[in-house]
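Asker: I need the structure of the sequence given here:
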Amino acid sequence: MINKTFSKGDMMEIIRAFNIDIPNFNTMDKSTLSMKLWSELSTLESIPPENNIFNIDTLDELKEYLVNKNPNKLLSVKDKQKLMKFCKEVIVYCTNDYNVNLSIFDSFEEIEIQVREIAKYADIPSVRRAIRLFNQDPKLNDIIEPIISNRVKKELEFKKKNKVKKYYGLSIINKKVILKFD
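Answerer: Below is the predicted model of the structure:
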């Protein structure tokens, strides 16, 4: 059975990525979709490999992935709230010209150690922002690299590629356009 840590959106993404034939899956509730997906996987003999987001090649790997806890849900609600509070404090430190005296922190090293720890949760936008701002601190010797999953990397690339800017009613879309004149 599919682990309860997978949301309806996660299951819908898996259905799309592996071309699993479940009609009207987007209208089903989470528990119905979970049962349908599992029963459909039980009838399949193989799936197409998907190496962009999930890095899963076989049906057995997909089943194992779904039975275990969702790797993208690493934090509990309470832990995520603590993480978000810390990110806000780092952002306050950064926007106050990297002055420790104007923050809740005791030293620069305290902040650096904790920011290096939260880098593994960089799928969360606030964590990425806190790291980006902290990396601009002149006291920092080594840049901290945020650890972002393939799924979020793809989403960020897609958003960057299809970004729409609006200026006084003028929309600017970054994409390839072909004009043909007769």
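Asker: Next up, the contacts around residue 85.
Answerer: Counting by CB atoms under 8 Å, 6 or more residues apart in numbering, residue 85 makes contact with nothing. All C-beta spots, glycine's among them, are computed from the backbone N, C-alpha and C.
Asker: before we move on, what about residue 67?
Answerer: 1, 2, 3.
Asker: give me every residue that touches the first one.
Answerer: Going back to what we said before, that points to residue 1. 34, 38, 67.
Asker: wouldn't the first one be in contact with residue 5 here?
Answerer: No: shown here, residue 34 and residue 5 do not form a contact pair, counting by CB atoms under 8 Å, at 11.3 Å.
Asker: higher neighbour count, those two?
Answerer: Neighbours per residue (other CB atoms under 10 Å) separate residue 34 from residue 5, with residue 34 holding more: 19 against 13.
Asker: ok, and what's touching the helix or strand hosting that one?
Answerer: Following DSSP states H and E, the helix or strand that holds residue 34 is helix 30-43. Identification of contacts with helix 30-43 by CB under 8 Å, 6+ apart yields 1-2, 6-8, 11-12, 14-15, 20-22, 25, 28, 59, 62-63, 66.
Asker: now, which of the residues you listed lie within helices?
Answerer: 8, 11, 12, 14, 15, 59, 62, 63, 66 (DSSP state H).
Asker: are any of these buried, and which?
Answerer: Among the ones in helices among the contacts of helix 30-43, those that count as buried by neighbour count (16 or more other CB atoms under 10 Å) are 8, 11, 12, 14, 15, 62, 63, 66.
Asker: quick one, what contacts the fifth one?
Answerer: Read it as residue 15. Residue 15 sits in contact with 22, 25, 37, where contact means CB under 8 Å, 6+ apart.
Asker: Tabulate those residues in TSV, adding columns for distance to residue 77 and neighbour count.
Answerer: Below are these laid out as TSV (distance: CB to CB, whole Å; neighbours: other CB atoms under 10 Å):
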residue	distance to residue 77	neighbour count
22	29	15
25	27	18
37	25	22
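Asker: Include distance to residue 135 and pLDDT when you put those residues into CSV, please.
Answerer: Shown next, in CSV, are the contacts of residue 15 (distance: CB to CB, whole Å; pLDDT from 0 to 100):
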residue, distance to residue 135, pLDDT
22, 43, 91
25, 41, 89
37, 40, 93
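Asker: and which of these is nearest to residue 159?
Answerer: Among the contacts of residue 15, residue 25 lies closest to residue 159 (CB to CB), at 24.3 Å.
Asker: And for that closest one, nearest residue in space, chain neighbours not counted?
Answerer: residue 15 (5.5 Å; CB to CB, 6 or more residues apart in numbering).
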